[in-house]
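> Model the structure of this input:
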Amino acid sequence: MATVICCSGIMRSASTWSYNVCRELSLRSQIRGSEVTHYGYSNQTDETIREWAAIEKKRGIIVRGVMKAHVIAPGTRRLIARGKIANVFTIRDPRDAMSSMLRFGQEKSEKEKSFLLEYFCYVLKQGLAFLEDGHSLVIRYEEMVDDPAAKIRAIARYLGRPIGEQALSAAAQAAGVKRARAIVARLEAEAQPGEDHFDGHSQLHVGHLNGGTIGRWRDELDADFKARVEEAFAPYLAAYGYDGSTG
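Reported below is the predicted structural model:
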C-alpha cells in the first residue's frame, strides 16, 4: 500500500496550509529514484488510495501520497484508526470557520447556508474519532496562527522522516501567507468574473484568503444565522475545545 498522508480537517481550518506543509516535506524528503510523491484533493479517499497503490505496484516504486480531504471514506477512516496511514487533522472554532466559508466564493443563498450547516455538522461528527484515535495529529488553527513554525515542526516529527532545517524552511515558505497571497492574486487575475479558479498544486482558490481573525463570527454573522450556527454546533463546541459562546 502506498505511504499516505491524509490532510483532513473541517472546512476553513487551515487544512490547505497543512496539505502544503505535508506536500513540501514529502517532496523534500523523498528518496530520489526509489520514491515518488503524488498529491491533490480527493472527494473519494478510498479510491485515491487504491489508485496510488496500483501506481506503486505497476511502476515498482514507493508512492508517497499527500491528499487533502474533508469527507473521509470508511476504508480510509479504518486505516487511520489502525495507524496504517497518517492523518493531520486541523480544527478551528467552527463558528469562525463558518464565517470564513460564507465569504469564500459567491454570496451564499439561504439554501446554501442550510446545506453548509449540515455539511459542517457531518465533518465535525466524523472528526470526533480523530480527536481520540491516538494516531491522528491534531493541529488547532488558533495555535498555528500564533506559531506556524512550531506546528510545522510538529508535523515533521509526526511524519517520522529525517527532515532537515532546509526542508522545514521550504515548507514554511510554501505554506506561508506571502506565497498564498501571490498565488491567489495570480488566480484572480486569470479568472473570469464569478469563476472558481484554483491552483492544482497548492489547492488554493480565488478568494481563498478572506481574513483569519479569531472570533470573527461574533461580528460577521447576523443575529438569526448566529443563533442557527450556535444551535447546530452545540454538540461539538465543547468536544473541540470551543465551549459555549466564549470560544
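
> got any ranges where this structure has weak pLDDT?
1, 244-247 (pLDDT under 70).

> Please, where are all the helices along it?
Using DSSP state H, the helices assigned to the chain run over residues 15-29, 45-59, 74-81, 94-102, 110-132, 141-146, 148-159, 165-175, 177-190, 217-220, 223-237.

> Which among those helices is found nearest to Val66?
Val66 lies closest, by C-beta to C-beta, to one member of the helices of the chain: helix 15-29, at 4.7 Å. In this view, the C-beta of every residue, glycine as well, is placed from N, C-alpha and C.

> Make CSV from the helices of the chain and add distance to Ser8 to it.
Output for the helices of the chain, formatted as CSV (distance: least, C-beta to C-beta, whole Å):
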stretch, distance to Ser8
helix 15-29, 7
helix 45-59, 9
helix 74-81, 8
helix 94-102, 14
helix 110-132, 7
helix 141-146, 13
helix 148-159, 13
helix 165-175, 16
helix 177-190, 20
helix 217-220, 22
helix 223-237, 15
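
> and Tyr39, which of those helices is closest to it?
Going by C-beta to C-beta, the one of the helices of the chain nearest Tyr39 is helix 15-29, 4.8 Å.

> Give the other helices and strands that that closest one contacts.
When contacts are defined as 3 or more C-beta pairs under 8 Å, 6 or more residues apart in numbering; DSSP states H and E, helix 15-29 packs onto strand 3-9, strand 35-41, strand 62-68, strand 86-91, helix 148-159, helix 165-175.

> mind giving me TSV with those and columns for distance to His197?
Output for the helices and strands packed on helix 15-29, formatted as TSV (distance: least, C-beta to C-beta, whole Å):
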stretch	distance to His197
strand 3-9	21
strand 35-41	14
strand 62-68	17
strand 86-91	24
helix 148-159	26
helix 165-175	20
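
> TSV for the ones you listed, including distance to Phe120 and mean neighbour count?
Shown next, in TSV, are the helices and strands packed on helix 15-29 (distance: least, C-beta to C-beta, whole Å; neighbours: other C-beta atoms under 10 Å):
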stretch	distance to Phe120	mean neighbour count
strand 3-9	12	26
strand 35-41	18	18
strand 62-68	17	23
strand 86-91	12	25
helix 148-159	23	18
helix 165-175	24	17
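
> Which positions within stretch 125-135 qualify as buried?
Neighbour counts over stretch 125-135 (16 or more other C-beta atoms under 10 Å) mark 126-127, 130, 133, 135 as buried.

> Repeat that for stretch 135-151.
Within stretch 135-151, the residues scored as buried using 16+ other C-beta under 10 Å are 135-142, 144-145, 148, 151.

> Check the residues you listed and tell me the two furthest apart.
Maximum distance among these (C-beta to C-beta): 25.0 Å, for His135 and Val145.

> Pull the residues that contact stretch 169-182.
Identification of contacts with stretch 169-182 by C-beta atoms under 8 Å, 6 or more residues apart in numbering yields 17-18, 20-21, 23-25, 28, 148-149, 152, 156, 202, 204, 208-209.

> do stretch 230-241 as well
Here stretch 230-241 makes contact (C-beta under 8 Å, 6+ apart) with 91, 93-95, 98, 117, 120-121, 124-125, 127-128, 131, 140, 243-245.

> can you rerun that using 10 Å?
For stretch 230-241, contacts defined as C-beta atoms under 10 Å, 6 or more residues apart in numbering pick out 10, 91-95, 97-98, 114, 116-118, 120-121, 123-125, 127-128, 131-132, 138, 140, 142, 217, 221, 242-247.

> rewinding a little: for the buried residues of stretch 135-151, which one is nearest Glu35?
Closest to Glu35, out of all of the buried residues of stretch 135-151 and judged by C-beta to C-beta, is Leu137, at 21.3 Å.

> And that closest one, how close does it get to Glu230?
Taking C-beta to C-beta, to the nearest Å as the measure, Leu137 and Glu230 are separated by 29 Å.

> Kind regards, and thank you for your time.
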